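[1] Next input, structure requested:
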Amino acid sequence: MKIGILVDSSTGLEPDKIANTNIEVIPLHIIIKNTQDILDTKEQRDLNNVYEQIHNGVNVTTSQASPGELILKYEEMLKKYDHIIHLPIPTNLSGMAQTAVMTSKDEEFLGKVTVVDHYLAANLLGRLALILNDMTKDESLEIKDYLEKIKLWEDNSLIYLIPSDLKKLAKGGRAQSLLLSVLKFLKQKIAIQWGLKPKKAAMGRTIGSIIDKLLDNIKEKFKNAYKIILVRTELISEKFLNQIKSKFEELKIDYDDEIIPTPFPCHAGLETVGFLIYDKKMEK
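    Got it, this is the predicted structure:
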């Protein structure tokens with residue numbers, strides 16, 4: 001069976017990363033000033049100076065792809081693949097997953113589209129998509145084999161988000177009850193562990209103290225070697241970025257430095273960083 005993998009632009013997978021693969025990306029939407037609606041693609045982001053507008057305090061948010069766009073994408077992919085495995089942005093970040101489930105139940109897609117309920121996000125989900133793409137080379141594999149791999153990644157990973165604009169994140173409704181309870185600590189940085197229910201993982205006045213506190217959780221979770229994907233915007237202050245990298249190097253942490261997908265700084269601020277952690281055995 002020939003399998004196609006569908007993700008959205010919240011994974012950070014740009015066209016050059018998925019050339020000659022079975023992975024396709026459906027763009028989310030970026031909403032500027034509540035009136036201008038553009039696709040979350042590099043071309044449109046650059047054309048509309050999205051990051052500059054966020055920096056200038058313009059109200060920039062995101063929205064899911066429409067049911068119509070999703071129907072067209074499913075139809076397009078099913079001309080090339082026997083089955084689609086769709087990994088949408090998770091339900092605690094968007095309504096995209098509910099839209100996908102509803103659309104997949106249309107008669108023309110029954111038995112041909114599997115929408116996966118999961119809590120992976122950002123570049124970690126993008127990295128998993130590349131692993132799943134490697135699996136598509138073996139057409140004897142069944143859907144359950146892919147679902148088992150996805151569950152394995154869920155069970156062997158952690159996601160920490162350190163937002164730079166807590167008020168904006170709370171206003172957007174993401175982890176609202178948690179954020180409202182910690183807004184009084186605005187002078188402190190807060191690390192949120194993202195999962196089924198986001199929860200406060202650590203607080204501190206410096207990024208170094210945050211990392212030290214998170215290490216206890218990380219070491220408890222990962223008994224073997226682990227990898228951290230540091231995600232951030234290109235506009236992050238050099239001083240802040242160097243503080244993070246220096247701390248990682250001091251602790252001899254193996255990490256990759258990548259750009260965070262646009263939906264996250266749209267909702268959490270330009271200085272937002274994420275630590276996406278997974279067991280190194282998952283790379284095999």
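
[2] isn't P265 right up against V273?
    No - P265 is beyond contact range of V273, at 9.9 Å (criterion: CB atoms under 8 Å). (C-beta placed from N, C-alpha, C; glycine too.)

[3] more crowded one of those two?
    The neighbour comparison of P265 against V273 (other CB atoms under 10 Å) goes to P265, with 28 against 25.

[4] Where does the prediction get shaky in the protein?
    170-187 (pLDDT under 70).

[5] all strands for it, in order.
    3-8, 23-26, 29-32, 36-39, 60-63, 83-86, 113-115, 157-162, 189-193, 199-204, 226-232, 255-259, 273-279 (DSSP state E).

[6] which residues in the stretch 51-200 of the chain form helices?
    Ranges of helices within the stretch 51-200 of the chain are 67-78, 96-104, 122-135, 143-155, 166-171, 176-182, based on DSSP state H, counting those that start in this stretch.

[7] so how far is the second one off the chain centroid?
    Once both centres are worked out by CA atoms, centre = their mean, to the nearest Å, helix 96-104 turns out to sit 18 Å from its chain's centre.

[8] packing partners for that helix?
    Using 3 or more CB pairs under 8 Å, 6 or more residues apart in numbering; DSSP states H and E, the elements in contact with helix 96-104 are helix 67-78, strand 113-115.

[9] can you do 10 Å?
    strand 3-8, helix 67-78, strand 83-86, strand 113-115 (3 or more CB pairs under 10 Å, 6 or more residues apart in numbering; DSSP states H and E).

[10] what angle do that helix and helix 67-78 make?
    60 degrees (axes from the mean of the first three to the mean of the last three CA atoms, to 10 degrees).

[11] and helix 96-104, which residues are buried?
    Residues of helix 96-104 classed as buried by neighbour count (16 or more other CB atoms under 10 Å): M96, A97, T99, A100, T103, S104.

[12] what sits up against that helix?
    If you take CB atoms under 10 Å, 6 or more residues apart in numbering as the criterion, helix 96-104 is touched by 6, 8, 10, 26, 28, 63-71, 73-74, 84, 86-91, 109-118.

[13] picking that back up, can you redo the helices and strands packed on helix 96-104 as JSON lines with mean neighbour count?
    Below are the helices and strands packed on helix 96-104 laid out as JSON lines (neighbours: other CB atoms under 10 Å):
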{"stretch": "strand 3-8", "mean neighbour count": "24"}
{"stretch": "helix 67-78", "mean neighbour count": "16"}
{"stretch": "strand 83-86", "mean neighbour count": "22"}
{"stretch": "strand 113-115", "mean neighbour count": "21"}
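
[14] that older thread, find the residues that touch each one of P265 and V273.
    With CB under 10 Å, 6+ apart as the test, P265 and V273 both reach P163, S164, R232, T233, I236.

[15] re the thing from before, can you list the buried residues of helix 96-104 in TSV and add distance to I210?
    TSV is the format used below for these (distance: CB to CB, whole Å):
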residue	distance to I210
M96	30
A97	30
T99	35
A100	34
T103	40
S104	39
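
[16] quick one: contacts for K245?
    L230, I253, Y255, D257.

[17] nope, E75 is what I was after
    Here E75 is in contact with E108, F109 (CB under 10 Å, 6+ apart).
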